[in-house]
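Undergrad: Take this sequence and fold it.
(2 chains)
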Amino acid sequence: MFKSVEEAIKELEKQRYIASKDIATTVYLALRLEKPVLVEGPAGVGKTELAKCIASALNIELIRMQCYEGLDEAKALYEWEYAKQLLYTQILKDKLSEVMGSETTLSGAVDRLSSAEDVFFSEKFLIPRPILKSITKNERTVLLIDEIDKSDSEFEAFLLEVLSDFQVTIPEIGTFKTDVKPFVILTSNSAREMSDALKRRCLHLYIDYPTIELEEKIVSLKVPESGERLIRQVVEAIHRIRQLQLKKEPSISETLDWAKALVLLGYEDLDPKIAVETLNFILKYEKDIELALKHSKDIFLN
Amino acid sequence: MVQRDGQPHINRKLFDFIEVLRDAGIIISADEVIALFNAVPEIDVSDKDIFKQSLKTTLVKDYTDIPVFNRCFDQFFSGRERFFDGMDLSSLSGLRDGVPAETIEDMNDMLDKFLDSLDPAFLMEKSEEEIMRMFLDELPEGSSGGGGGMNIFRSRSGTAGSFQSKGEDGETAEVDIEAMMDLLRNMMNLRLSKRKIGKELKNREDFLLNKFIYQLTPDEIREMREMVNRFGQKLKSRISLRKKRVKRGGIDTKRTFRTNLQYGGVPFKLFYKNKKIDRPQLVVMCDVSRSVNQYSRFMLLLTYSLQSLFSKVRTFAFISNMVEITDLFREMDPERAINSMFTDVNFTYGWGSNYGRCFDQFIENYSDSLTRKTSVLVLGDARNNDNDPGIQSFRKIQERSRNLFWLNPDKKHLWDWNDSIASLYGSCCNEMKEVNNFLDLSEFIDKLFLDI
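TA: Here you go, the predicted model:
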């Protein structure tokens, strides 16, 4: 548990994650208030990374669930282990007929069987999926629900029970509750909007591209072999490129790739010629590159 | 870390601020308010960044609202320095030295309390001067209010004589009074205007959204850019939510049988056919001649922010030649594409719009873009410059598409006026609609999806 916003920043930095004050404030509050966080922002600004680093900073387990279209509760919450149930009934056939043996009427047999049916719908035959796992585990975990916008809205609906009460109801057994609430992080690329009910239960964090200072810090942390001069030039160029009207803006991961590539190529300086030649590291559309070339004088003017 | 003193004061401020946000059109439910008040004791409210982020993270759940929040926050919590706006600082220097800082704070608090005690509707009615006079009248007689500064005020509302006896140097004190009055007036104005921040933002937005598109000034267009994005985003999520609801279809027999073979053919598990979402295809034809250029620009922008909702969008622009511009959008940011459209492509042939010629060309060259799933949108004022209307081709477009809409920026009573042949074209469309502000435009698109 972080004691303050400043400590959150420091602890995350130890995990090689540079958090802005905004990010740290939300994380700190979410931990304090035991509320889930919905993280939105453009691709490649480190949304998933944030969850991972929080887990390692707090030294607790990370349970990750990747969302996709068609994800249902069998994959997210729990599933009955059908094959195991079937196998057990086969193996226990003798035992079953022993139990049933003394019954002469059909209804008597059914009664007896139903009194024992709980056996087959017990926790032994339950496969816990990520969400149930994070709740039944009696220690704090970070539950990362990644790219929630890719899932269907029905899935969102049963997430609600988890997010507000931190409990899961299984009709055959009952309700699983937890005393130690997991720290839930949901990430979204805003492919579609989440329902109001879900948003109301979460704190909201929008991670945008970092400021120049922050991005310089990130690059020097992740690509320490690049010199201070190169880092500054790269980051400044990237920020100028983001100002252009691009189809796809370069994200932090592209900045890092670029810096790494330049180091590998043995450059200590980003001179305009090299920059232009390596533009394809950061821009993924032909027209975007064209546009950047057109403005190259302004962008790479150091 | 935790700071609990001064809590009631902060709470009142926060409630005021929440009201401002609501006025500005941000939806804030009770859950969010509770979260905020749980959060406030946990943080160091004197750190402005942390304070701002705490408010943002608990109250604003839609990232498209963030710019609005930022604007409200910056105005609402702008510093006390604005008390001194438009004042002659030299007349204040004496006052600042003479009056302890807490007096200013006290005054501010008293003003707050006074304004809170009044009915908001009453505040709206009265002029600032009237409220000011009421405040001075209500000032408590006792000395609990604070130091010298308060005495000055009491003396002001009382007789000048009693004041004279208090001041050591009559002349400087006289200046102080004027300065203090100005200061107080500024405080009052600031306080009153703060309550209106949200409403003003909202009004401005409504004003822009309702303004005739071709009357927008370049500055206003720049201002609207972010708004158009926000609007498009909201429209998009609303429509996609609606689409999702009708997704499930009947039982997928093939898959159900295959999977359940392992259970001896007993259908333990059922599989449903996911109903294919019939995403509409869209063909947009824009008149980009000077008279409607601005209008087409907006329409194109909005269409492209909604692109993912359609399975296929093909865009054409024309003045007197029909040109396909779909490719421009594929590789470029929409705004840049629109700009480059005007420099790269040559639509002009002869003079002015020629609808008939363009529809003929469309049928001749691009009729492959029309299927029974296609909705066709034509944007233009139907002013054909007395050319051949090409009604045959236009009918063909209608026959070969699912539906055909015409958005006309002209006022309805101007249709058929002069060289406009709106009714002629209108009779061949599913609907010709007068759409000349942004709000109507987005409403139209919203409806388009209901029909499909």
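Undergrad: Stretch B:383-396: which residues count as buried?
TA: Neighbour counts over stretch B:383-396 (16 or more other CB atoms under 10 Å in any protein chain shown) mark B:383, B:384, B:387, B:389, B:390, B:391, B:393, B:394, B:396 as buried. Just so you know, the C-beta spots here come from the backbone N, C-alpha and C atoms, and that holds for glycine as well.
Undergrad: Spell out the residue ranges of the strands in the chain.
TA: Reading this off chain A. For chain A, the strands defined by DSSP state E cover A:37-40, A:61-66, A:78-80, A:126-128, A:141-146, A:167-170, A:174-177, A:183-188, A:203-206.
Undergrad: sorry, should have said chain B
TA: B:248-251, B:272-274, B:281-287, B:312-318, B:322-324, B:374-379, B:403-408, B:431-434.
Undergrad: Dump the buried residues of stretch B:383-396 into a markdown table; add distance to residue A:76 and pLDDT as well.
TA: Output for the buried residues of stretch B:383-396, formatted as a markdown table (distance: CB to CB, whole Å; pLDDT from 0 to 100):
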| residue | distance to residue A:76 | pLDDT |
| --- | --- | --- |
| B:383 | 58 | 84 |
| B:384 | 59 | 83 |
| B:387 | 62 | 83 |
| B:389 | 59 | 85 |
| B:390 | 57 | 86 |
| B:391 | 57 | 89 |
| B:393 | 54 | 90 |
| B:394 | 52 | 90 |
| B:396 | 51 | 90 |
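Undergrad: Not counting its neighbours along the chain, what's nearest residue B:435?
TA: Using CB to CB, 6 or more residues apart in numbering or on different chains and skipping residues adjacent in sequence, the residue nearest residue B:435 is residue B:407, 4.5 Å away.
Undergrad: how about the residues of the stretch 1-150 of chain A near chain B?
TA: A:3-5, A:21-22, A:25-26, A:28-29, A:32-33, A:35, A:38, A:40-41, A:70, A:82, A:86 (CB under 8 Å from any CB of the partner chain).
Undergrad: Give me the buried entries from those.
TA: Among the residues of the stretch 1-150 of chain A next to chain B, the ones that count as buried by 16+ other CB under 10 Å are A:5, A:21, A:22, A:25, A:26, A:28, A:29, A:35, A:38, A:40, A:41.
Undergrad: Which one among these sits at the bottom for pLDDT?
TA: Lowest in pLDDT among these is residue A:41, which has 88.
Undergrad: Could you give the number of residues near the closest residue in space to that residue that isn't next to it in sequence?
TA: Nearest residue to residue A:41, sequence neighbours excluded (CB to CB, 6+ apart): residue A:207, at 3.8 Å. Residue A:207 has 21 neighbouring residues, counting by other CB atoms under 10 Å in any protein chain shown.
Undergrad: Could you do residue B:267 as well?
TA: Count around residue B:267 with other CB under 10 Å applied: 13.
Undergrad: and it, how far is that from residue B:251?
TA: 9 Å (CB to CB, to the nearest Å).
Undergrad: for residue B:425, same thing?
TA: 47 Å.
Undergrad: Could you list which of the buried ones among the residues of the stretch 1-150 of chain A next to chain B belong to helices?
TA: A:5, A:21, A:22, A:25, A:26, A:28, A:29 (DSSP state H).
Undergrad: Tell me the one of those residues nearest residue B:24?
TA: residue A:22 (20.7 Å; CB to CB).
Undergrad: What pLDDT is listed against residue 292?
TA: Because you didn't say which chain, this covers chain A. For residue A:292, pLDDT reads 87.
Undergrad: You answered for a different chain; I wanted chain B.
TA: 73.
Undergrad: Count the residues that sit near it.
TA: Residue B:292 - counted by other CB under 10 Å - has 24 other residues nearby.
Undergrad: In this model residue B:382 seems to touch it, though I could be wrong.
TA: No. Assessed by CB atoms under 8 Å, residue B:292 is found out of contact with residue B:382, at 10.0 Å.
Undergrad: re the thing from before, how about the strands of chain A in a markdown table, adding distance to residue B:445?
TA: Shown next, in a markdown table, are these (distance: least, CB to CB, whole Å):
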| stretch | distance to residue B:445 |
| --- | --- |
| strand A:37-40 | 24 |
| strand A:61-66 | 33 |
| strand A:78-80 | 42 |
| strand A:126-128 | 45 |
| strand A:141-146 | 32 |
| strand A:167-170 | 40 |
| strand A:174-177 | 44 |
| strand A:183-188 | 24 |
| strand A:203-206 | 26 |
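Undergrad: shaky segments in chain A?
TA: Flagging of chain A using pLDDT under 70 yields the residue ranges A:301-302.
Undergrad: The closest residue to chain B within it: neighbouring residues, count only.
TA: Chain A approaches chain B most closely through residue A:193 (3.2 Å), counting by CB to the nearest CB. Neighbours of residue A:193 under the rule other CB under 10 Å: 22.
Undergrad: how about the strands of chain B in JSON lines, adding mean neighbour count?
TA: Shown next, in JSON lines, are the strands of chain B (neighbours: other CB atoms under 10 Å in any protein chain shown):
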{"stretch": "strand B:248-251", "mean neighbour count": "10"}
{"stretch": "strand B:272-274", "mean neighbour count": "13"}
{"stretch": "strand B:281-287", "mean neighbour count": "23"}
{"stretch": "strand B:312-318", "mean neighbour count": "22"}
{"stretch": "strand B:322-324", "mean neighbour count": "19"}
{"stretch": "strand B:374-379", "mean neighbour count": "22"}
{"stretch": "strand B:403-408", "mean neighbour count": "22"}
{"stretch": "strand B:431-434", "mean neighbour count": "17"}
